[in-house]
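[1] What follows is a predicted protein model with its sequence.
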Amino acid sequence: MKDVTNSAQTKDKKTKKPSGRVRLLYIMLFIIMAIYYYVTLPAFHYAAIDFWLFILIFLAGVLVIEVLADSSSFISELKSGDVKNINWRSVPKKYLAIILPLPVLWVIAMAGNLIFSPFFFAESYANMIQIEQADFETEFPETDLNQITLIDRDTATRLGNRHLGALTNLVSQFEAADDYTQINIESYPYRVTPLEYAGFFKWLNNFREGIPHYFKVDNVTGTVTVETPEQAIKYSYSDKFGRDVMRKLRFSNPFTLFESPNFEVDDEGNPYYIATTYTRNFFLREPEANGLITLNAMTGETTKYSLDEIPEWVDRVHSADLILHQLEMNGKFQGGFWNSIFSKVGVTEPTAGYNYLPINDDLYLYTGITSVVSDESNIGFVLVNMRTKDTKFYPLNAAEEFSAMQSAEGSVQETGYVATFPLLISIEGRPMYILSLKDSSGLIKEYALVDVQNYQKVYIESSVERLMLSYAEDNPINIEEIETEEALETIQGQIEEIQ
């Protein structure tokens with residue numbers, strides 16, 4: 001009788017060794033995926049591309065492990081001659097279970113992308129943003145001539161960096177972040193940005209105490225102030241590990257889609273990071289804001305709000321990129337899909353630039369609307385409330401913003417100054433562009449006022465106050481409301497010489 005004990009034990013040993021290796025490989029895979037998640041922070045949401053990439057990498061790792069697990073037994077069978085004819089029916093079902101869902105999901109995604117495309121839903125795409133028509137002369141908010149915001153982000157950055165350089169106790173450890181978010185604080189326009197650690201070792205020296213200050217730049221005068229909140233800022237983009245803003249928000253909301261948070265402060269000066277949350281329209285195609293998450297930068301406390309619960313001090317809920325995209329879809333598909341391709345009757349688009357207008361205690365995105373077949377002219381303007389997405393269109397035949405910029409630059413062409421993207425303001429119901437002119441180093445040297453409907457009419461002065469006074473000489477406006485930099489004094493006397 002044949003003794004099979006040794007052969008059975010040998011077989012058990014052969015099967016146990018691969019099992020141990022497979023277990024170790026799976027442990028390593030889970031560790032790698034955990035590190036990958038910690039670094040990339042994908043949302044566990046069906047509409048997140050990063051989530052599907054995460055799944056794809058994980059399935060690829062599982063496939064490699066299973067192939068390695070089966071390779072040793074396959075090679076031994078191959079050597080012993082026990083392998084019979086190989087065909088697709090002999091492939092273990094576990095491989096089909098790993099691979100087959102991927103093309104199925106891809107087909108579903110492509111089919112959904114086609115079915116819910118503008119080809120079938122052109123009207124719904126056009127109505128992603130609701131636009132109300134209004135009259136400029138009677139309904140456009142009258143501009144406070146003493147609160148015209150001409151400090152753009154580039155200028156604010158230069159002012160903040162220059163101010164930080166004068167603070168010797170801060171400049172060695174901190175830098176000014178690049179945020180410079182435009183907001184309203186008690187109906188007055190500012191740009192705010194936090195300080196950040198000037199490198200890893202500076203973070204190592206200071207993270208226990210946190211970031212002590214943030215900068216607040218007056219958007220009218222350019223005055224920079226160093227603000228000290230009640231507690232130090234412990235959560236920021238320059239912090240590491242669990243105090244990184246994105247990581248803190250992702251761990252608190254693993255199943256939520258949100259964009260990169262903006263730095264804001266409330267009316268009491270408390271710093272926050274504001275992250276807009278999103279859902280998807282048309283299956284996987286179009287993002288749409290559905291709420292907000294606030295992160296207290298001092299304590300790390302997060303609060304989630306729906307759109308009808310958002311605090312009034314929050315100025316920016318809907319991103320400028322999303323608003324401009326929806327304005328483009330609105331102008332493109334108002335007449336249907338085929339009209340947007342061929343005849344293009346009534347097809348419009350927003351101009352290539354935009355700016356922000358503070359009105360009362362809200363922040364509005366402003367941009368011109370032009371026909372796709374126009375010749376450097378606007379057919380009107382839109383104002384979009386960045387918090388509520390309420391949108392008004394003001395029909396007005398006018399010069400495009402870039403034409404006004406070129407006209408202002410042409411008025412001082414000997415200086416080589418470069419114009420910034422203009423603001424649209426209303427002076428006694430008359431639409432005007434106001435903009436700044438910068439030299440080659442990015443410093444504001446002069447200001448320009450350009451007539452929207454006759455852009456060849458340009459006023460140039462060295463300050464906004466002088467600009468308005470110059471305009472008042474030719475136009476009936478109330479100059480008593482304009483605050484001048486210094487009181488004007490009348491001097492009487494005899495002229496001795498004229499040259």
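    Perfect, I can see it now. Numbers count the residues shown, from 1 in each chain.

[2] What confidence value was assigned to Ser343?
    Predicted confidence (pLDDT) for Ser343: 86.

[3] what about Ser441, neighbour count?
    7 (other C-beta atoms under 10 Å). From N, CA and C alone the C-beta is placed, and that goes for glycine too.

[4] Then Ile323?
    22.

[5] same thing with Pro229?
    Pro229 has 19 nearby residues by other C-beta under 10 Å.

[6] cool, and Phe44?
    Neighbours around Phe44, by other C-beta under 10 Å: 14.

[7] That one contacts Leu257, correct?
    No: Phe44 is not in contact with Leu257 according to C-beta atoms under 8 Å; the separation is 10.0 Å.

[8] can you tell me how far the closest residue to Asp439 other than its chain neighbours sits from Arg162?
    Using C-beta to C-beta, 6 or more residues apart in numbering and skipping the chain neighbours, the partner closest in space to Asp439 is Lys445 (5.2 Å). Distance, Lys445 to Arg162, using C-beta to C-beta, to the nearest Å: 16 Å.

[9] Just want to know which of these two has more residues nearby.
    Using other C-beta under 10 Å, the more surrounded residue of Lys445 and Arg162 is Lys445, with 14 against 11.

[10] Secondary structure element holding the more buried one?
    strand 444-451 (DSSP states H and E).

[11] Touching the very next helix or strand once past that strand from outside, list them.
    Reading on from strand 444-451 to the C-terminus, the next helix or strand found by DSSP H and E is strand 458-461. Defining contact as C-beta atoms under 8 Å, 6 or more residues apart in numbering, one finds that strand 458-461 is touched by 407-408, 411-412, 437, 446-451, 467, 469-471.

[12] What of stretch 53-72?
    18, 21-22, 25-26, 29, 32-33, 36-37, 40, 42, 92, 94-95, 98-99, 102.

[13] what's near enough to touch the residue nearest to Asp439?
    Counted by C-beta under 8 Å, 6+ apart, Lys445 has contacts Thr415, Tyr417, Leu437, Lys438, Asp439, Ser462.

[14] for Tyr237, same thing?
    With C-beta under 8 Å, 6+ apart, Tyr237 has these contacts: Ala177, Glu196, Asp244, Val245, Met246.

[15] which residues does the third one bridge with?
    Each beta-bridge partner of Asp244 is listed here, defined by DSSP bridges: Ser236.

[16] who touches it in this structure?
    Shown in contact with Asp244 (C-beta under 8 Å, 6+ apart): Tyr235, Ser236, Tyr237.

[17] What pLDDT is listed against the last one?
    Residue-level confidence at Tyr237 comes out at 95, pLDDT.

[18] do you know how far it is from Ser377?
    Going from Tyr237 to Ser377 by C-beta to C-beta gives 41 Å.

[19] lowest-pLDDT helix or strand in this structure?
    Lowest mean confidence among the helices and strands of the chain (mean pLDDT, DSSP states H and E): helix 5-40, at a mean of 74.

[20] circling back to that earlier point, are any of the contacts of strand 458-461 buried, and which?
    407-408, 411-412, 437, 446-451, 467, 469, 471 (16 or more other C-beta atoms under 10 Å).

[21] mind giving me a markdown table with those and columns for pLDDT?
    Formatted as a markdown table, these follow (pLDDT from 0 to 100):
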| residue | pLDDT |
| --- | --- |
| Ser407 | 93 |
| Ala408 | 93 |
| Ser411 | 91 |
| Val412 | 92 |
| Leu437 | 94 |
| Glu446 | 94 |
| Tyr447 | 94 |
| Ala448 | 94 |
| Leu449 | 94 |
| Val450 | 94 |
| Asp451 | 92 |
| Leu467 | 90 |
| Leu469 | 88 |
| Tyr471 | 89 |
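
[22] Closest to Thr279 out of those residues?
    Relative to Thr279, the closest of those is Val450; by C-beta to C-beta it sits at 41.2 Å.

[23] looking at this, Tyr278 is in a strand?
    Yes: assigned with DSSP: H, G, I helix; E, B strand; the rest coil, Tyr278 falls within a strand.

[24] What's the separation between it and Leu322?
    Distance, Tyr278 to Leu322, using C-beta to C-beta: 9 Å.

[25] These two - which one has more neighbours?
    Set Tyr278 next to Leu322 and count neighbours by other C-beta under 10 Å: Tyr278 wins out with 22 against 19.

[26] Is the more buried one bridged to anything, and to what?
    Beta-bridge partners of Tyr278, counted by DSSP bridges, are Leu257, Ala289.

[27] my guess is it contacts Leu257, does it?
    Yes: taking contacts as C-beta under 8 Å, Tyr278 lies within contact range of Leu257: 4.3 Å.

[28] Now do the shared contacts for these two.
    With C-beta under 8 Å, 6+ apart, Tyr278 and Leu257 have common neighbours Pro287.

[29] Next, the buried residues of the helix or strand containing Asn161.
    Using DSSP H and E, the element containing Asn161 is helix 153-165. By neighbour count on 16+ other C-beta under 10 Å, the buried set for helix 153-165 is Arg153, Thr155, Ala156, Thr157, Arg158, Leu159, Gly160, His163, Leu164.
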